[in-house]
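Asker: When you get a sec, could you give me coordinates for this:
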Amino acid sequence: MGILNPPNNIFMLQTLVNQLNKIGVQNQLCDGALPSCTVMHNLDHEIPQLIIWPKSTEEVQQALSLIAPLKKLQKIPISIISGGHGYNGEAMCTGITFDMQFMKSCVIKDNKLIVEPGCGLRKVIDVLQEHSRIIPHGDSLTVGAGGHFISAGWDLLLTRKYGLGCQHVTSATIVYWDGTAEVVTQETNPKVLHSIKGSFGNFQGIITELTLDTFDTPSEVHLARVVLDLATLPKNIIQRSYNLPPEISTTLRFFFIEGTPKLVLILGTLMSKEKTIDVIAHEICKNLAEQVKNSWVCESLSDVRFLPLERTAQEDWKSIVDMTTEEFEEISEKYWKRDVFLREMKVSYCQQRSYWINITAPNTIFKDLIYFLKTISPEFQEKVYGNVTIGGGEMWKNKKNVSMPIGQAIIRFESHCEDLKTHQTQSKHLSYLFTKVSEKYREKELIGKVYSGDKFNREK
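Answerer: Here you go, the predicted structure:
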C-alpha cells in the first residue's frame, strides 16, 4: 500500500471525480476533513483524499473499473467502511475510501439473513426480532453489518452456543479490484468465501452483500450480573467457565463503579434459571450459584439487546432503526445509559486492545487487572473498561471455517477521551500498561494475532 504521489495525484483524482460524476456515482474530495455524513466512531483515523458513496453493486463495479487503471500507474490505498465503528479507526486510509452507508437493505428470506454492508445493527436486530430469528452479533447499534459479519460477530450471549456471526456466512457478493463481480458460495468459490469469513476477503475486493444462516429464537434467555469479591473468587474461574455447557456464557468485566475498581460477572444462559443455578453450583461453586440466583436482570433476548439503552430508546425504537449513522450519533447520548455512553459508545479518541489468553490463566489475572485500574486517574475512570470473555463451544469447534485466528478466551481493554492531547499521552500509556499486564497470560500460539478484524494493514 502507498499514497498518491504529488503532483500527479490532484490531476488523477479530479479526473476520477469527473468520471464518477458523469455516471452518477456520489463522491466528494475531502480536503483534509471528513464530510459530516461519514461518521467514524474513533476520531483517531486517517483522512482519505476521496470518499465514494455507492448505492449498489453496479456502482461499486463502475467506480472500481475507473480506479483500476489509476492503480497501475500509482499505488492508491483503498479502504472500506460500513458503519464507521471500527475501534482502531483503521478502516480509513490516505487514498480512496468507499463509505457503504447507503447500501443498507436487510431482509429475511427462507430463514436466511440477506444484508448489505451499510445496514446498521439496529436494523439487523429489528428484522431478526420481527421474524423471531437470531444470529450472533454485537450490541452497538451503529456498527455496520459488512465489517461486523466478516470480521467477527461475537455475541456475549449466543456465541458459545451458535458460534460467531461470520461463521454463518453462506454466500457473499464481492466486487474485485478490477470491477468484476462474483457471488461466492461454498460450491462456486470456497477459497474466497473462506477468506471473507474472517475479514481477509476485504483485501481482495469490496463486499456488497452477505447471506447468513439464522436460527430460531431460544425459548429461554436470562442474564445475571454479579459483583465479585476477589478474596472469595472461585478457583480457576476462567477454565471452569470454559467447561460449562455452551448454553451458558460468561464475561468477567473490570471497570469502575462510583470510583472503585470492580470485577463483575455477566452470565447469560439459554437454559432455565433453575437448571443454570444447578450447573453453576456443580461446576464452579455453590456460593456463586447463590449469588447468581439473586442477580437476574434480563428475562428475554429483547431485554438483553436493550440493556445498555435508556427506556426512551425502546419507546423510539422504530425511528432509531431508520436513522442514518450521522442522525443517530447526534442524539445518541439521549438513548444510551450514561455509563455505557461514556466508556463505550461516545464518538471520541479511542484506544482498544484485545488479546487471546490461556483458559488456564489463574485468578491472579484479575488481581493484576484491578491493580492496573487503580493506576488510572479519577477524571479518566468513567471512560475505561475491560472484559475477559470466555469463548469455546461452537466458535471453537468451527474455528477452521474462518480465516481469522480463533482462541479460547479473550481479554480486552478500551478507553475513550475527548481531546487529542490526552489521547496521545494518557490513553495510549494505559494501553501500553494493559498490554504489559496481559502478556504473561496470553495464548502463546496466538501472540501477534490480535482479535481485530477491521485492521487495515499490510500483514493481511
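Asker: Give me the domain ranges for this structure.
Answerer: 8-99, 106-216, 222-299+348-446 (automatic domain parsing).
Asker: Just name the most buried of those.
Answerer: Stretch with highest mean neighbour count among the domains of the chain: domain 106-216 (a mean of 21; mean count of other CB atoms under 10 Å). The way it works is simple: take the backbone N, C-alpha and C, and place the C-beta from them, glycine included.
Asker: end-to-end on that domain?
Answerer: This stretch, domain 106-216, spans 18 Å end to end (CA to CA, to the nearest Å).
Asker: ok, which stretches of the stretch 101-250 of the chain are helices?
Answerer: 121-130, 145-151, 159-162, 190-196, 237-242 (DSSP state H, counting those that start in this stretch).
Asker: Tell me which of these lies nearest to residue 92.
Answerer: Checking the helices of the stretch 101-250 of the chain against residue 92 by CB to CB gives helix 145-151 as the closest, at 12.1 Å.
Asker: mean confidence score for the closest one?
Answerer: Average pLDDT, helix 145-151: 92.
Asker: Now do it: which elements does it pack against?
Answerer: With contacts defined as 3 or more CB pairs under 8 Å, 6 or more residues apart in numbering; DSSP states H and E, helix 145-151 has these neighbours: strand 78-81, helix 121-130, strand 169-176, strand 205-213.
Asker: what's the neighbour count on residue 100?
Answerer: Using other CB atoms under 10 Å, residue 100 has 28 other residues around it.
Asker: Give me the phi and psi for it.
Answerer: Backbone torsions for residue 100, taken as degrees, to the nearest 10, come to phi -90, psi 10.
Asker: any idea which of the helices and strands packed on helix 145-151 scores lowest on pLDDT?
Answerer: The minimum mean pLDDT among the helices and strands packed on helix 145-151 belongs to strand 78-81 (a mean of 91).
Asker: Neighbouring strands - and their directions - for it?
Answerer: Strand pairing for strand 78-81, using DSSP bridges, gives strand 96-99 (parallel).
Asker: Now for the spatially most central residue of the chain: which residues touch it?
Answerer: Central residue of the chain (CA atoms, centre = their mean): residue 148, 5.4 Å from the mean position. The contact partners of residue 148, by CB atoms under 8 Å, 6 or more residues apart in numbering, come to 82-83, 121, 137-138, 165.
Asker: where's the dip in pLDDT among the residues you listed?
Answerer: Out of these, that is residue 83, at 87.
Asker: can you tell me how far the residue nearest to it when sequence neighbours are not counted sits from residue 27?
Answerer: Among residues not flanking residue 83 along the chain, residue 144 sits closest, at 2.9 Å (CB to CB, 6 or more residues apart in numbering). According to CB to CB, to the nearest Å, residue 144 stands 19 Å off from residue 27.
Asker: out of everything not next to it in sequence, what's closest to residue 64?
Answerer: Per CB to CB, 6+ apart, closest to residue 64 is residue 179, 4.4 Å.
Asker: What distance do you get for that neighbour to residue 15?
Answerer: 17 Å.
Asker: tally of neighbours for the closest residue in space to residue 333 that isn't next to it in sequence?
Answerer: Of all residues not flanking residue 333 in the chain, residue 341 sits nearest, at 5.6 Å (CB to CB, 6+ apart). Using other CB under 10 Å, residue 341 has 19 other residues around it.
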